[in-house]
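Novice: Sequence first, then the predicted structure, then my questions.
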Amino acid sequence: MTAEHQALTKTLDSQVTAHNPGLRSAHAVGPDTAAQLLITAGGNPERMRTEASFAALCGAAPVPASSGRTNRHRLSRGGDRAANAALYRIALVRMSSDPRTRDYVARQTTAGRTKKEIIRLLKRAVAREMFRCLTTTVTVPGIADLRPLRQSKNITLTAAARQLGVWPARISTLERGIRRDDELAHAYRDWLHTA
């Protein structure tokens with residue numbers, strides 16, 4: 001079962017990457033979430049006019065839930081639930097691994113927002129970014145030269161990671177194209193050329 005799952009995931013990843021490389025290379029967008037967003041967008045092309053319409057399609061548009069003097073919004077219960085779940089997974093991964101998202105969550109928490117409200121805001125921001133990836137051609141910087149360049153200079157992953165101040169696994173995932181990190185890729189490439 002594990003081997004079959006890995007083979008199917010690899011096939012799905014290659015299909016999604018071939019169809020929309022910018023979407024797949026966005027932070028925290030795995031093959032399954034990218035495939036779901038492509039399915040949602042492809043099945044509803046007439047509803048993809050603006051970022052707001054895409055957010056409403058995914059159920060990530062804010063719904064006013066004000067009462068009296070309280071001015072607030074709630075999560076939308078409409079839209080494509082599978083696309084909403086994909087946005088939710090992206091938001092959760094970013095909350096745990098993306099420094100910019102962590103800073104944003106800390107700022108919103110100090111402002112007095114609940115975790116539910118913060119996730120709603122993050123899903124709306126993710127929907128905005130995914131709309132741009134789905135509707136425009138995003139150029140993805142090449143990384144195919146990194147591993148051969150490192151190996152031609154006989155540099156180990158550990159040595160490269162130590163020089164850049166990251167874990168070796170991070171360099172490995174960058175070289176294999178599993179995780180996109182443009183800043184690290186540029187710094188890594190510059191260091192390899194000078195080493």
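Specialist: Structure's in. What do you need?

Novice: If you count neighbours, what's buried in the one helix or strand residue 122 maps to?
Specialist: Using DSSP states H and E, residue 122 maps to helix 115-135. Buried residues in helix 115-135, defined by neighbour count with 16 or more other C-beta atoms under 10 Å: 117-127, 129-131, 133-134. C-betas here are computed from N, CA, C, even on glycine.

Novice: mind listing what's buried in the following helix or strand past it?
Specialist: Downstream of helix 115-135, the first helix or strand assigned by DSSP H and E is helix 146-152. Neighbour counts using 16+ other C-beta under 10 Å place 146, 147, 149, 150 of helix 146-152 among the buried residues.

Novice: cool, and stretch 48-60?
Specialist: 48, 51, 54, 55, 56, 57, 58, 59, 60.

Novice: same check, this time on stretch 75-82
Specialist: So for stretch 75-82, counting by 16+ other C-beta under 10 Å, buried means 75, 76, 79, 80.

Novice: Mind giving me the packing neighbours of the lowest-mean-pLDDT helix or strand in the chain?
Specialist: When the helices and strands of the chain are compared on mean pLDDT, DSSP states H and E, strand 73-74 comes out lowest with a mean of 75. Here strand 73-74 touches strand 63-64, helix 115-135, going by 3 or more C-beta pairs under 8 Å, 6 or more residues apart in numbering; DSSP states H and E.

Novice: what about the helices in this protein?
Specialist: 2-19, 21-25, 31-43, 51-57, 81-97, 99-110, 115-135, 146-152, 157-164, 168-176, 182-194 (DSSP state H).

Novice: Touching the fourth one from outside, list them.
Specialist: Applying C-beta atoms under 8 Å, 6 or more residues apart in numbering, the external contacts of helix 51-57 come out as 40-41, 44, 47-48, 61, 76, 78-80, 83, 124, 127-128, 130-132, 134.

Novice: cool, and the last one?
Specialist: Helix 182-194 has contacts (C-beta under 8 Å, 6+ apart) with 141, 143, 145-146, 149-150, 153, 155, 160, 163-164, 166, 170-171, 174.

Novice: Go through it and flag the buried ones.
Specialist: 184, 185, 188, 189, 192.

Novice: orientation of it relative to helix 157-164 in degrees?
Specialist: Here helix 182-194 runs at an angle of 110 degrees relative to helix 157-164 (axes from the mean of the first three to the mean of the last three C-alpha atoms, to 10 degrees).

Novice: What of the fifth one?
Specialist: Helix 81-97 and helix 157-164 are oriented at 70 degrees to each other (the same axes, to 10 degrees).
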